[in-house]
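Engineer: The following comprises the amino acid sequence and a computationally predicted model.
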Amino acid sequence: MRFTALLLLALGLTGCFPHAAGRRLAHFDQQAPQVGSPAPTFVLKGVDGKPVELEELIGERPIVLQLGSHSCPVYRYRRFSMERLIRDYQDRVHFLVVYTIEAHPTGSKSPYDDEEWVSMINRVTGVRIPEPADEAERLERAAFSRDRLELSQTVLVDGLDNEVWSAYGGASSPGFVIDLEGRVALRQVWIDPSGIRKTLDRLLEGAPAGTS
């Protein structure tokens, strides 16, 4: 009963999640790839241990790329609408997640602040996640998160150098759509499945995309 109440409270709070970059993510606009520019390529290990190369997927289908970590409430709770998106487009679109540096780690400072920053929703729901000490631990964390959240996407794991996280803007839960030519068709500082849906419809109809 207590878990259900906490879950309902947390879901209610998701309506307060931001849509703009804000002070802590002011760097995103300049750091993230611009709409129309080539998407940064990468080769990352999946939670199953197999490497995935972004470049090999380009040209087959549009790609929806989500980055985030389990300690980010937006990453956790937007999964419900992301799963609906996947259900509707899974036969025409590649869906990827890159598991990144923890947004709100316990015991160390947040990458978005100069001190430890445990979000209110994490306090309410009892989410306490330290930053992994090595790549093996991050891999385990990503696998735990995939299973706990029942994610349908292919889950990849960024290295401890956080190279992919940085290349895609260094935000805590951004979303991108990559077109068949490997260019960014949409970028979102906070992933918004409704915006992704509109961009996918344009791409799949053959119309040019240009939403930032």
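Structural biologist: Received the coordinates, thanks.
Engineer: elements contacting the helix or strand where residue 198 lies?
Structural biologist: Taking DSSP states H and E as the definition, residue 198 sits inside helix 193-204. For helix 193-204, the elements it packs on are helix 79-89, strand 175-178, strand 184-188, judged by 3 or more C-beta pairs under 8 Å, 6 or more residues apart in numbering; DSSP states H and E. In short, each C-beta sits where N, CA and C put it, glycine included.
Engineer: so after the lowest-mean-pLDDT helix or strand in the chain, what's the next helix or strand?
Structural biologist: Counting by mean pLDDT, DSSP states H and E, the chain has its least confident helix or strand at helix 2-13, which shows a mean of 48. Per DSSP H and E, helix 2-13 leads on to helix 28-31 as the next helix or strand towards the C-terminus.
Engineer: Go through that following helix and flag the buried ones.
Structural biologist: Using 16 or more other C-beta atoms under 10 Å as the test for burial, helix 28-31 gives residue 28.
Engineer: Which SSE is immediately downstream of that helix?
Structural biologist: Following the chain from helix 28-31 toward its C-terminal end, the next helix or strand by DSSP H and E is strand 43-46.
Engineer: so what strands line up beside that following strand?
Structural biologist: Next to strand 43-46 in the sheet, as set by DSSP bridges, lie strand 51-53 (antiparallel), strand 154-157 (antiparallel).
Engineer: which SS class is the residue most central in space within the chain?
Structural biologist: In the chain, the centroid-proximal residue (C-alpha atoms, centre = their mean) is residue 67; its distance is 2.5 Å. Assigned with DSSP: H, G, I helix; E, B strand; the rest coil, residue 67 falls in the strand class.
Engineer: show me the contacts for it.
Structural biologist: The neighbours of residue 67, taking C-beta atoms under 8 Å, 6 or more residues apart in numbering as the test, are 97-98, 100, 158, 164-165, 168, 171, 173-175.
Engineer: Kindly recompute the last result at 7 Å.
Structural biologist: 98, 100, 165, 168, 174 (C-beta atoms under 7 Å, 6 or more residues apart in numbering).
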